[in-house]
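Undergrad: I'd like to go over a predicted model; first the sequence, then the structure.
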Amino acid sequence: MKLTILGGGGFRVPLVYGALLGDRREGRVTRVTLHDVDGDRLDAVARVLMEQAAADPDAPEVAVTRDLDEAVRGADFVFSAVRVGGLAGRAADERIALAEGVLGQETVGAGGIAYGLRTVPVAVDIARRVAALAPDAWVINFTNPAGLVTEAMSRVLGDRVIGICDSPVGLGRRVAKVLGADPTTAWIDYVGLNHLGWLRGLRVGGRDELPRLLADTEALGSFEEGRLFGPEWLRSLGAVPNEYLHYYYFNRETVRAYQKAEQTRGAFLEAQQAGFYERMKHPGTPALGTWRRTLAEREATYMAANREAAGVGERDEGDLESGGYEKVALALMRAVARDQRTTLILNVRNRGTLSALDADAVIEVPCLVDANGAHPVAVDPLPFHASGLVTSVKAVEREVLAAAGSGSRASAVKAFALHPLVDSVSVARRLLDAYRAEHPSLAYLNRP
């Protein structure tokens, strides 16, 4: 089976390859093609993969190319993890938003909108190339903003594009661990949009164990989300929010922490990864060891500003394990390719699952996966406060899609202005002007 990874020079690609190395079942991936527009990054990641596979004579073959058509043609699965504008673009998105006193995180608020406006046209072009050159391929999307990009691609590929994210996986695993449950067998009631969802229950043997957790202050303080949001707020919600909801529930504190920080997350990653790729240009650099050290530093500093805003200090060792998006991707590929039915939390078209949204809106919910793809499971309606946030952010996503499709400046301004974390139409206009001045790729937003 052939897997193509778009954004194949990306830093987290070795996580995917590591998961593939552990797969020994029939029908496994035997060839991986890495595609990237940056040849130096491609070479660096290929060296890491070579060291990963050094002791495995049956490791999947690795090929690299900068030609998109060559990469896609004949693929069984296409893993899309591109970053339009690179980390320099992310750092600029954050800086411009903070100058206006609003959040600039890459998937949330003004930064997420700017990133989406840059990325959607590229993602749609990728979808069209896949449809033409590999019409039977399944696209697994991890390109951020994941829900928005998946919805854009689904307008070309239908249900053959499925979005994944490691945040719900990590949240479910942490809650299960605190409750003494097996996360692989417990039913995790999770629903929302990408980076905007709530864990509302964790059922073991038909019994919901979440109320037991919410009643235990000490247990709530023992994992990342419990410390971020605090026991009182979690009990008030009756749920455990995705960590990204901290930007909404504690917005003032988070913006203040980001403004006070020595550098934003994007600026930190830009400098850190530039150092990694620069070191990798030297033939004598131990590729795998260098990558592992960089990854450890990256994970330890994740959402540092939010933890500072919440006053909870550094991440505990138990929270440092990644959500495992590479494991989700592998499980998804196995289920589709081999008809090994499983349940995964994925980004898929709504199909009536949430009554507040139309059928084509991409949501993030548990899905039953088989050879015919991912099928959202029926869930209870969201409470009004959650439904309000979901519908507001989905309206923003739809304006981004409209702007990306038409080049309309008015739709782009509307996307910024409607977002719950942007507090003024005037700010929205200034944000768009600043982002257009910073990013040449946004020059297309020049129509009324």
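TA: Structure received.
Undergrad: enumerate every residue touching Ala181.
TA: By C-beta atoms under 8 Å, 6 or more residues apart in numbering, the contact set of Ala181 is Leu202, Val204, Glu209. All C-beta spots, glycine's among them, are computed from the backbone N, C-alpha and C.
Undergrad: which of those sits closest to Arg398?
TA: Leu202 (32.0 Å; C-beta to C-beta).
Undergrad: output the helix or strand harbouring the closest one in PDB, but only the C-alpha positions, please.
TA: Take DSSP states H and E as the rule and Leu202 turns out to sit in strand 196-204. Output of strand 196-204 as PDB, limited to C-alpha atoms (Å, rounded to 0.1, in the frame of the first residue of the first chain):
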ATOM      1  CA  LEU A 196     -13.800  23.600  20.000                       C
ATOM      2  CA  GLY A 197     -15.200  20.500  21.700                       C
ATOM      3  CA  TRP A 198     -16.200  19.000  25.000                       C
ATOM      4  CA  LEU A 199     -15.800  15.600  26.600                       C
ATOM      5  CA  ARG A 200     -19.200  15.100  28.200                       C
ATOM      6  CA  GLY A 201     -18.900  11.500  29.400                       C
ATOM      7  CA  LEU A 202     -16.700   8.500  29.600                       C
ATOM      8  CA  ARG A 203     -18.600   5.300  29.800                       C
ATOM      9  CA  VAL A 204     -17.200   2.000  31.100                       C
END
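Undergrad: what pairs with the very next helix or strand once past that strand, parallel or antiparallel?
TA: Toward the C-terminus, strand 196-204 is succeeded by strand 207-208 as the next helix or strand (DSSP H and E). Here strand 207-208 is paired, per DSSP bridges, with strand 196-204 (antiparallel).
Undergrad: list the buried residues of the strand it pairs with.
TA: Leu196, Gly197, Trp198, Leu199, Arg200, Gly201, Leu202 (16 or more other C-beta atoms under 10 Å).
Undergrad: do you know how far the closest residue to the third one other than its chain neighbours is from Asp56?
TA: In this structure, Trp198 finds its nearest non-sequential neighbour in Ala239, 4.2 Å apart by C-beta to C-beta, 6 or more residues apart in numbering. Counting by C-beta to C-beta, to the nearest Å, the gap between Ala239 and Asp56 amounts to 42 Å.
Undergrad: which one's more surrounded, those two?
TA: Shown here are Ala239 and Asp56; by other C-beta atoms under 10 Å, Ala239 has more neighbours (22 against 10).
Undergrad: ok, now which ones touch the more buried one?
TA: Ala239 makes contact with Trp198, Leu199, Arg200, Leu210, according to C-beta under 8 Å, 6+ apart.
Undergrad: now Thr4: closest residue in space, sequence neighbours ignored.
TA: Distances taken as C-beta to C-beta, 6+ apart place Ala75 nearest to Thr4, at 4.2 Å, with adjacent residues excluded.
Undergrad: thought the one you found was touching Lys2?
TA: Yes - assessed by C-beta atoms under 8 Å, Ala75 is found in contact with Lys2 at 5.2 Å.
Undergrad: mutual contacts of those two, please.
TA: Thr33.
Undergrad: neighbour count: those two, which is higher?
TA: More crowded of Ala75 and Lys2, by other C-beta under 10 Å: Ala75, with 23 against 19.
Undergrad: could the buried residues of strand 196-204 go into CSV alongside distance to Leu179 and pLDDT?
TA: Shown next, in CSV, are the buried residues of strand 196-204 (distance: C-beta to C-beta, whole Å; pLDDT from 0 to 100):
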residue, distance to Leu179, pLDDT
Leu196, 24, 98
Gly197, 19, 98
Trp198, 17, 98
Leu199, 11, 98
Arg200, 14, 98
Gly201, 11, 97
Leu202, 6, 97
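Undergrad: which non-adjacent residue is nearest Gly221?
TA: With C-beta to C-beta, 6+ apart as the criterion, Gly221 has its nearest non-adjacent residue at 5.9 Å, and that residue is Arg227.
Undergrad: is that neighbour in a helix, a strand, or coil?
TA: What DSSP: H, G, I helix; E, B strand; the rest coil gives for Arg227 is helix.
Undergrad: relative to His246, how far out is it?
TA: Distance, Arg227 to His246, using C-beta to C-beta: 11 Å.
Undergrad: chain center to the longest helix along the chain: distance?
TA: With secondary structure taken from DSSP state H, the chain has its longest helix at helix 109-133. For helix 109-133, the gap between its own C-alpha mean and the chain's C-alpha mean amounts to 14 Å (C-alpha atoms, centre = their mean, to the nearest Å).
Undergrad: ranges for the strands of the stretch 301-448 of the chain?
TA: Counting by DSSP state E, counting those that start in this stretch, the stretch 301-448 of the chain has strands at residues 342-349, 362-370, 373-376.
Undergrad: out of those strands, flag the one nearest Pro420.
TA: Smallest distance to Pro420 across the strands of the stretch 301-448 of the chain (C-beta to C-beta): 17.7 Å, for strand 362-370.
Undergrad: quick one: list the elements packing against that closest one.
TA: In terms of contacts (3 or more C-beta pairs under 8 Å, 6 or more residues apart in numbering; DSSP states H and E), strand 362-370 is packed against helix 146-157, strand 187-193, helix 325-338, strand 342-349, strand 373-376.
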